[in-house]
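> Fold the following, please.
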Amino acid sequence: MVLRKNSNAESYPLKYEDVENPEPKENDILVQVSYCGVCRTDLHVVEGDLPPLAFPIIPGHEIVGKIVKVGRNVRTLSEGELVGIPWLHHTCGRCEYCITSRENLCDSKVFTGYTVNGGYAEYAIGEEGYVFALPEDSDPAKLAPFLCAGIIGYRALKMALPRPGGRIGFFGFGGSAHLTLQLASKLGYQTVGFSRNPSHLKLAEELGASETILTAGSDQGMLRNKERNLDSAIVFAPAGEVVLQALRVLKKGGIVSIPAIHMSPIPQIDYDGDLFGERKLMSVESNTRSDAQEFLNLAARLKLESTITRRSLKEANKALSDLKNGDVVGALVLDCRL
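All right, here's what the predicted structure looks like:
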């Protein structure tokens, strides 16, 4: 499914085309894609919310499949293994960020499905060190959301983690939040799901939420009770006004982390009323390979389960449109087995 120019998801801009199979370079791994998750970042790529870097481009970065060929220098993975290819495709390894364990901030990083072709296809390329072995005894379709929604949610959780047993709010309950809340609940934190969609909150309850709150507009719903009772919060919704909502129910000293690669403008913050009290706002950019491996290990150990809706590869445009309009419970996954 090829993107040749940015356009609204409703216009179905991805085109089903035959392209040449990619050929792995010396440090690359060629994967026959079984499934690829549909992430909100894909929507931002398609609609041009992110600066266009390459056309034509094949989106998709929550890739699960079997290795069919490896480059001559690859030593850690071999043909036949089930692996995942995530958003982070390559970093320089030499800059001040890379050498201080902050490769997610590398100015030269390369992204799957944005600067190089991704997983809305039969085959995809990953680079050794940025490709992760996956458990063979799991449903591979349900592993796809782990490769970005899970990883970035995990990093956001780490950055906002309160005291043991603290109370964490999850604002916007899509693919990432449904995994991150589940993880936080299993780790013993109190978890509160906030959403405008009752079906999203029903899923939150099923996944272990301590409480759910239906929001009914920018300043209603959850703000009917303005008690500041959250130790931390994660804002998954790419809407700036939700950041203010989170701040207004955050205790002193709490952190709001924002794992959004793109967000609408945040309205004016009232320093005295919204931020004072050593409250902190923290953006989250991409992830490190350590984040990815840590999350995948925890997901296996704690038996995290994704809730997915499956679509065929040719339905990628419809999947993106549904994601944009909030017509998804959990995560969307494309079946790329043609």
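> May I have the longest strand anywhere in the chain as CSV, with CA atoms only?
Longest strand in the chain, counting residues (DSSP state E): strand 28-38. The C-alpha coordinates for strand 28-38 follow below in CSV (Å, rounded to 0.1, in the frame of the first residue of the first chain):
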residue,chain,number,x,y,z
ASP,A,28,19.9,-6.0,7.0
ILE,A,29,17.2,-8.6,7.6
LEU,A,30,14.4,-9.3,5.1
VAL,A,31,11.1,-10.2,6.7
GLN,A,32,8.0,-11.7,5.0
VAL,A,33,5.3,-9.7,6.8
SER,A,34,2.5,-11.6,8.4
TYR,A,35,0.9,-8.7,10.2
CYS,A,36,1.4,-5.0,10.6
GLY,A,37,-0.3,-2.8,13.2
VAL,A,38,-2.0,0.4,12.3
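> who's in contact with the most centrally placed residue in the chain?
Nearest to the mean C-alpha position of the chain, counting by Cα atoms, centre = their mean, stands Ala149 at 2.6 Å. Counting by Cβ atoms under 8 Å, 6 or more residues apart in numbering, Ala149 makes contact with 37, 39, 62, 174-176, 179, 306, 331. For glycine as for every other residue, the C-beta is placed from the backbone atoms N, C-alpha and C.
> Check what pLDDT it gets.
Looking at Ala149, its pLDDT reads 97.
> ok, now Arg224?
Arg224 is assigned a predicted lDDT (pLDDT) of 46.
> so where do the helices sit in this structure?
Per DSSP state H, the chain carries helices over the ranges 40-47, 140-143, 149-160, 175-186, 198-206, 240-247, 289-301, 316-324.
> Give me the mean pLDDT for the fifth one.
If I follow you right, that is helix 198-206. The pLDDT scores in helix 198-206 average 94.
> Hmm, Gly240 and Ile266 touching each other?
Yes. The pair Ile266 / Gly240 is scored as a contact, 3.7 Å apart, by Cβ atoms under 8 Å.
> quick revisit: who does the longest strand of the chain pair up with?
Strand 28-38 has the following sheet partners, assigned by DSSP bridges: strand 62-70 (antiparallel), strand 123-127 (antiparallel), strand 331-335 (antiparallel).
> starting at the chain centroid, how far to it?
Offset of strand 28-38 from its chain centre (Cα atoms, centre = their mean, to the nearest Å): 16 Å.
> swap in stretch 9-22?
Distance, centroid of stretch 9-22 to centroid of chain: 22 Å (Cα atoms, centre = their mean).
> start the count at 9, not 1, going forward
Sounds good: first residue 9 from here, last item stretch 17-30.
> first to last residue in it, what's the distance?
End-to-end distance for stretch 17-30, by Cα to Cα, to the nearest Å: 26 Å.
> In it, which residues are buried?
For stretch 17-30, burial by neighbour count (16 or more other Cβ atoms under 10 Å) applies to 17, 21-22, 30.
> Also stretch 60-69?
65-69.
> what do you get for stretch 88-101?
By neighbour count on 16+ other Cβ under 10 Å, the buried set for stretch 88-101 is 89-99.
> Can you give me the end-to-end span of stretch 197-208?
From its first residue to its last, stretch 197-208 covers 20 Å (Cα to Cα).
> scratch that, stretch 13-23
End-to-end distance of stretch 13-23 (Cα to Cα): 11 Å.
> Give me the contact list for that stretch.
With Cβ under 8 Å, 6+ apart as the test, stretch 13-23 has contacts from 9-12, 51, 54-56, 60, 63, 67, 128, 324-326, 328-329, 331-332.
> at 10 Å what do you get?
9-12, 50-60, 63-64, 66-67, 128, 321-322, 324-333 (Cβ atoms under 10 Å, 6 or more residues apart in numbering).
> tell me the domain ranges of this structure?
17-155+315-343, 158-291 (automatic domain parsing).
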